[in-house]
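S.K.: generate a structure from the sequence data that follows.
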Amino acid sequence: MDTNNNWIQTNQTMLAAAFPAVGAFPLPLASKDAAILASLSAGNYSAPIAAPAGDSGVALLEVYDADGSS
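M.R.: Numbers count the residues shown, from 1 in each chain. Prediction:
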């Protein structure tokens, strides 16, 4: 569906507005966090998370209902 490795490079204005609207914490402008804003149909989804080659770490995935329909 979509990938992201640096939220500031993709839809910065839309994402920055969406964070407080859904109750998410804001990401600093200098962060390398990943964030995606997507419209999805109801259903089950999986989210594979991978580090850049040679890196490792801990991942946290959060999903928010941005349109408030559920």
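
S.K.: contacts and neighbour counts: CA atoms only from here.
M.R.: Noted.

S.K.: and the residue most central in space within the chain, how far is that from residue 2?
M.R.: Central residue of the chain (CA atoms, centre = their mean): residue 35, 2.4 Å from the mean position. Noted for residue 35: a distance of 10 Å to residue 2, by CA to CA, to the nearest Å.

S.K.: on the pLDDT front, check residue 69 for me.
M.R.: Listed pLDDT for residue 69 reads 62.

S.K.: ugh, wrong one, I meant residue 20
M.R.: Here, the pLDDT recorded for residue 20 equals 91.

S.K.: for it, which non-adjacent residue is spatially closest?
M.R.: Sequence neighbours aside, residue 26 is the residue nearest to residue 20 in space, at 7.0 Å (criterion: CA to CA, 6 or more residues apart in numbering).

S.K.: give me the outermost residue of the chain relative to its centroid.
M.R.: Distance-from-mean max, the chain, by CA atoms, centre = their mean: residue 54 at 22.2 Å.

S.K.: so it is in which element?
M.R.: If you go by DSSP states H and E, residue 54 is not part of any helix or strand.

S.K.: what does the one 3 residues further on give?
M.R.: Secondary-structure assignment from DSSP H and E places residue 57 in no helical or strand segment.

S.K.: for it, give me the pLDDT.
M.R.: So residue 57 comes in at 85 (pLDDT).

S.K.: out of everything not next to it in sequence, what's closest to it?
M.R.: residue 51 (7.5 Å).

S.K.: where does the one you found land on pLDDT?
M.R.: Looking at residue 51, the pLDDT reads 82.

S.K.: could you list the low-pLDDT ranges of this protein?
M.R.: Counting by pLDDT under 70, the chain has low-confidence residues at 68-70.

S.K.: which stretches of it form helices?
M.R.: Using DSSP state H, the helices of the chain run over residues 12-22.
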